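S.K.: My questions concern the predicted model and sequence given below.
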Amino acid sequence: MRAKIYRIGLYIISILLITLSVSSCRTTTPILFDRARYPVDEFYVGTGITKNADKGQALETAKMKAISDLASQIQTTIFSTRTASSSDDGTTQFSVFEELIEETLHQEFENVIYIEETYTRKKEQTTYAILRRSDWEIQKARKILREKEKVQSVLSSRYPDMSPVQEIKVLNKAIASLQSTFWGSLIEGIFDEKMGYLLPLIQARRDTLYTRVFSSKQYYIGEGSASSRAQAEESALQDFKNMQIEKMYKEYENLRVRLSSPMTSPELKEKIENSVEFSTTQNASLLEFLEGPESTQTLSFIYLIVQKVVWEDLIAKEVDTLYQQAKTLENAYQANNSVTGKLQILEKMQQLLESSPFGLEVENLIFPNEQSFEKIIPYRKDRLIASVNLHLLMPKSVKEDESCTLKIVVTNADSLHTDIPVKIIITDNNNKQRYLELVTLSSGIPFYHTIIIPRGEKAKYFSVNCFWTQYPQQKDEQRIDITRISLLDFLKNMFIRQK
């Protein structure tokens, strides 16, 4: 009986186990990826696993992780063969390479097979990215050749005896081309008779040229750094400007003191700043902006490099141009025999020399035995003005019912031709204006004006004033008294006029 019960129990347990086994088989998720089909020596296999309640996002994220893992394996393979030849440290190169891969995952890899396991109830997604090694080698060779042709095209612009600055610009362009895609780091070839990976060879040559430029005394170098290249260039340009302003200020401040110029130091500095600003704007083609080897993904280092001989030749030409203009005016001044002509030339010369800090240097060439133009030009002007004399010729008095004639003459103490505007004003003793006229008075040509004093004129005297309108200090003043006449004299005068 016990044996029978025991057999029944075993039977029931067997039935339960079979049922559970069948149930388990029905709920197990089938595995799609078979690792045996993708041997390591023939395939790169990247795995991406993620958990996400959103099935769509889980699928996309797992796919990206799979391709990234695939790229990482390829990256490791590459670096195992060329880390030693890199001019940078391995960590930096690996980081840069990784960033490039992340930027171009789907663009650079071709013929990738994705196997997506079924999204599980645990909200987990596993995806495999598979790439045949032979396919990778083919596309790698093709794309490396493409990038190599690009960089060779850039490097072909180099030529013998090329200036270091120009060669650095070419090499920087080549380096930028190589670093724009991770294929560039794989390019091998001959560069300057050396065989190896082109990127480190070019970087080594570029760094050598930078050292040569920085240690040379042939260049002015402005430095700038910022988060963007444009801001870094502006910073480097301002550094160069400040360098030129400081250099010129030291030179011309000494000249200003030596010439006892009335120009103040701040005025001189302002003129220098304006001059440097104008020169850099007008000659922007002479300014070479080079990206420094210290630049990173987040910080740009820029060097503004200008050959000293070129820049100094430019300044010398500006000084010479100013000198020629001033010398032409000086020659015209000496040849001119007119007061107004000379004054006009001096005004032009002063405006010209005051427009530039180089005026101090130029006037030192034109007036080597005189003081600064800021003193000699006003001195000349004062002398010219003082050489002009106005003469008012008229009687001391005149009787009423009679007339008198005024004569105005201009003369010049230096025998210069004088042709000036003169204002004539006649007022009475009550300051009431009786006459006003503006005339042009020339040397040797007097001006006449007749004054008639009527019978019963109430004024006691007339004041006559004539002056040079532009320079009123050059003037002459006279007073003419009015004499009263008796009735008998008045009748006599009337009889004479009628007769």
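M.R.: Ah, there it is.
S.K.: Start from the N-terminal end of the stretch 101-250 of the chain and give the helices.
M.R.: 105-108, 133-155, 164-179, 198-215, 229-258 (DSSP state H, counting those that start in this stretch).
S.K.: and the ones you listed, which one's lowest on average pLDDT?
M.R.: Among the helices of the stretch 101-250 of the chain, helix 105-108 carries the lowest mean pLDDT, at a mean of 56.
S.K.: re the thing from before, now the helices of the stretch 101-250 of the chain in TSV, with mean neighbour count and distance to Thr450?
M.R.: Bear in mind the C-beta positions are built from the backbone N, C-alpha and C, glycine included. Shown next, in TSV, are those (neighbours: other C-beta atoms under 10 Å; distance: least, C-beta to C-beta, whole Å):
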stretch	mean neighbour count	distance to Thr450
helix 105-108	13	103
helix 133-155	15	92
helix 164-179	19	82
helix 198-215	18	85
helix 229-258	16	57
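S.K.: In a markdown table: these, plus distance to Ser463.
M.R.: What follows is the helices of the stretch 101-250 of the chain, written out as a markdown table (distance: least, C-beta to C-beta, whole Å):
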| stretch | distance to Ser463 |
| --- | --- |
| helix 105-108 | 98 |
| helix 133-155 | 88 |
| helix 164-179 | 77 |
| helix 198-215 | 79 |
| helix 229-258 | 48 |
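S.K.: among the ones you listed, which is nearest Pro454?
M.R.: helix 229-258 (64.1 Å; C-beta to C-beta).
S.K.: Can you tell me which helices and strands the closest one packs against?
M.R.: Judged by 3 or more C-beta pairs under 8 Å, 6 or more residues apart in numbering; DSSP states H and E, the packing partners of helix 229-258 are strand 219-226, helix 265-282, strand 288-291, strand 300-307, helix 359-366.
S.K.: highest average neighbour count across these?
M.R.: Of these, the one with the most neighbours on average (mean count of other C-beta atoms under 10 Å) is strand 300-307, at a mean of 22.
S.K.: How far away from the center of its chain is the helix or strand just after that strand?
M.R.: Note on strand 300-307: by DSSP states H and E, the next helix or strand toward the C-terminus is helix 308-335. From the chain centre to the centre of helix 308-335 is a distance of 25 Å (C-alpha atoms, centre = their mean, to the nearest Å).
S.K.: Break this structure down into its domains, please.
M.R.: 35-139, 314-386, 388-487 (automatic domain parsing).
S.K.: Pro446 is nearest to which of the helices and strands packed on helix 229-258?
M.R.: Closest among these, using C-beta to C-beta: helix 359-366, at 38.4 Å.
S.K.: what angle separates the following helix or strand past that closest one from helix 359-366?
M.R.: Next in sequence after helix 359-366, counting helices and strands by DSSP H and E, comes helix 373-386. Relative orientation of helix 373-386 versus helix 359-366 (axes from the mean of the first three to the mean of the last three C-alpha atoms, to 10 degrees): 60 degrees.
S.K.: which stretch in the domains of the chain is the model least sure about?
M.R.: domain 35-139 (a mean of 75).
S.K.: roughly how far apart are Ala62 and Gln75?
M.R.: 20 Å (C-beta to C-beta, to the nearest Å).
S.K.: And Ser415, by the same measure?
M.R.: 95 Å.
S.K.: More neighbours: these two, which one.
M.R.: Set Ser415 next to Gln75 and count neighbours by other C-beta atoms under 10 Å: Gln75 wins out with 18 against 10.
S.K.: and the helix or strand where the more buried one lies with helix 133-155, angle?
M.R.: Per DSSP H and E: Gln75 is located in helix 55-82. Angle of helix 55-82 versus helix 133-155, following the same axes, to 10 degrees, is 70 degrees.
S.K.: Between helix 198-215 and helix 55-82, find me the angle.
M.R.: 70 degrees.
S.K.: that older thread, of the helices of the stretch 101-250 of the chain, which approaches Leu384 most closely?
M.R.: Across the helices of the stretch 101-250 of the chain, closest to Leu384 is helix 229-258 (C-beta to C-beta), at 26.1 Å.
S.K.: how much does that closest one deviate in direction from helix 308-335?
M.R.: Relative orientation of helix 229-258 versus helix 308-335 (the same axes, to 10 degrees): 40 degrees.
S.K.: tell me the angle helix 229-258 makes with strand 219-226.
M.R.: 130 degrees.
S.K.: just the angle between helix 229-258 and helix 265-282, please?
M.R.: 140 degrees.
S.K.: Report the angle between helix 229-258 and strand 300-307.
M.R.: 40 degrees.
S.K.: Start and end of stretch 47-58, how far apart?
M.R.: In stretch 47-58, first residue to last residue: 14 Å (C-alpha to C-alpha, to the nearest Å).
S.K.: same question, stretch 423-435
M.R.: Note: stretch 423-435 ends 10 Å apart using C-alpha to C-alpha.
S.K.: cool, stretch 126-138 as well?
M.R.: Start-to-end, stretch 126-138 (C-alpha to C-alpha) is 28 Å.
S.K.: how far is it from where the chain is centred?
M.R.: With C-alpha atoms, centre = their mean, you get 51 Å for stretch 126-138.
S.K.: got the contact list for it?
M.R.: When contacts are defined by C-beta atoms under 8 Å, 6 or more residues apart in numbering, stretch 126-138 is touched by residues 33, 38, 41-49, 59, 62-63, 65-67, 69-70, 74, 109-117.
S.K.: thinking again about what came up before, of all the helices of the stretch 101-250 of the chain, which one comes closest to Leu186?
M.R.: helix 133-155 (5.2 Å).
S.K.: looking at it, Thr405 is touching Thr450, isn't it?
M.R.: Yes. Thr405 lies in contact with Thr450 (C-beta atoms under 8 Å); the separation is 4.9 Å.
S.K.: The two: who's more crowded?
M.R.: Neighbour totals were compared for Thr405 and Thr450, and Thr405 leads with 11 against 8 (other C-beta under 10 Å).
S.K.: Distance check, Lys122 against Gly56.
M.R.: When Lys122 is compared with Gly56 (using C-beta to C-beta), they lie 17 Å apart.
S.K.: And Asp192, by the same measure?
M.R.: When distance is defined by C-beta to C-beta, Asp192 is 53 Å away from Gly56.
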